[in-house]
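Student: A structural model of the following input is requested.
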Amino acid sequence: MSADNMGNSLKELGRFEEATARCSYGSAITLNRILELTPTRFREETVASIVPDPSGPYPDGIHTLSFVRDSMLVDGKRHVFRWGAAELDRNFQRKRYERQLKLRAGASSR
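Tutor: Have a look, this model is predicted:
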């Protein structure tokens, strides 16, 4: 059996197909055809894979494939480093260090 189900199952021309995640979150979406589905047995075969476009707007992952009426929905992942976030972290670390120094100074003067 494949990994997590990534959207609603598709039924077309009497066949059932489902989208599942490959390995880690967002590495790819695998489309599987369900060959056998009974209360005691399940068999499927992979028929296609959808991978993120490395030059596209979401190169770091693709996850969830769903259909609503005549639309296909897919979500993507992009890692972004923000300098402002690093500066906020440095300020937080500095203020925490200053608080610790004040607490130690207060404790040693008692």
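
Student: Mind listing what's buried along stretch 90-100?
Tutor: By neighbour count on 16 or more other CB atoms under 10 Å, the buried set for stretch 90-100 is empty. Where C-beta positions appear, they are placed from N, C-alpha and C, glycine not excepted.

Student: roughly how far out does the helix or strand harbouring Arg104 sit from the chain middle?
Tutor: Arg104 belongs to helix 83-108 when assigned by DSSP states H and E. Centroid separation for helix 83-108 versus its chain: 33 Å, with CA atoms, centre = their mean, to the nearest Å.

Student: mind listing the strands for this protein?
Tutor: Using DSSP state E, the strands of the chain run over residues 10-12, 15-21, 29-37, 42-50, 61-68, 71-77.

Student: Which one of those strands lies nearest to Phe92?
Tutor: With CB to CB as the criterion, Phe92 lies closest to strand 71-77 of the strands of the chain, at 26.2 Å.

Student: Just want the angle from the closest one to strand 61-68.
Tutor: For strand 71-77 against strand 61-68, the angle by axes from the mean of the first three to the mean of the last three CA atoms, to 10 degrees is 160 degrees.

Student: Buried residues of strand 71-77, list them for me.
Tutor: Within strand 71-77, the residues that count as buried by 16+ other CB under 10 Å are Val74, Gly76.

Student: Within its sheet, name the partner strands of it and how each one runs.
Tutor: Applying DSSP bridges, strand 71-77 is found paired with strand 61-68 (antiparallel).

Student: Lys77: what's it in contact with?
Tutor: Tyr25, Gly26, Pro52, Tyr58, Asp60, Gly61, Ile62, His63 (CB atoms under 8 Å, 6 or more residues apart in numbering).

Student: OK, contacts around Leu35?
Tutor: Counting by CB under 8 Å, 6+ apart, Leu35 makes contact with Arg43, Glu44, Glu45.

Student: Filter those down to the buried ones.
Tutor: Taking 16+ other CB under 10 Å as the criterion, what is buried in the contacts of Leu35 is Glu44.

Student: between the contacts of Leu35, which is closest to Val74?
Tutor: Once CB to CB is applied, the member of these that ends up nearest Val74 is Glu44, at 20.6 Å.
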